[in-house]
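From the sequence below, what's the structure:
(one chain, ligands or ions: 1)
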Amino acid sequence: MQEQLLKTKNAIRMCINCRTRYLQTDLIRLQCKDKELIPYTNFGRSFYICKTCFNTKDKKLLRALSRACKKEIKITNLERLING
Ligand SMILES: [Zn+2]
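Predicted coordinates:
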């Protein structure tokens, strides 16, 4: 039952920082690959952050990302992500 729900287009996902639930389409999907924070590539583990947290770029967000990546994420990692 749960499994089927997760596969729908209107899937709800949780921001790893503020833990608010949003529609998947309203979230930014990221992953860590080779110790880089990158947009999701359709392979491997991923996680979501909401646009509010992404724009805030506070220390709490960096801690949440560091936890998800199992390495320290710095503000420069995030900025690189935005600037491409
Ligand atoms: Zn958030």
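
rest of the way, CA atoms for contacts and neighbours
OK.

what are the ranges of the strands in this protein?
12-14, 21-23, 27-33, 36-39, 47-50 (DSSP state E).

Quick one: name the residues of the chain near the ion.
With CA under 5 Å from the ion as the criterion, the chain meets the ion at residues 15, 17, 18, 50, 53.

again, only this time at 8 Å
Applying CA under 8 Å from the ion, we find that the chain lies next to the ion at 14-20, 49-54.

quick revisit: out of the strands of the chain, name the one with the poorest average pLDDT.
Of all those, strand 36-39 carries the lowest average pLDDT, namely a mean of 90.

Grab the CA positions of it and hand them over as PDB.
C-alpha atoms of strand 36-39 as PDB (Å, rounded to 0.1, in the frame of the first residue of the first chain):
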ATOM      1  CA  GLU A  36      30.200  16.400  -4.300                       C
ATOM      2  CA  LEU A  37      26.800  17.800  -3.700                       C
ATOM      3  CA  ILE A  38      25.000  17.500  -7.100                       C
ATOM      4  CA  PRO A  39      21.500  17.400  -8.600                       C
END
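
Give the pairing partners of it; include direction for each.
Using DSSP bridges, strand 36-39 pairs in its sheet with strand 27-33 (antiparallel).

Please state the offset of the partner strand from the chain centre?
Centroid displacement of strand 27-33 relative to its chain, using CA atoms, centre = their mean, to the nearest Å, is 4 Å.

Kindly report the same for stretch 68-75.
12 Å.

List the contacts of residue 24.
Residues in contact with residue 24 (CA atoms under 8 Å, 6 or more residues apart in numbering) are 10, 11, 12, 13.

and if you look at residue 43?
Per CA under 8 Å, 6+ apart, neighbours of residue 43: none.

what about this structure, any weak spots by pLDDT?
1-9, 84 (pLDDT under 70).

Same list (the contacts of residue 24) but as TSV, adding neighbour count and distance to residue 77.
Below are the contacts of residue 24 laid out as TSV (neighbours: other CA atoms under 10 Å; distance: CA to CA, whole Å):
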residue	neighbour count	distance to residue 77
10	12	29
11	14	28
12	18	26
13	21	23
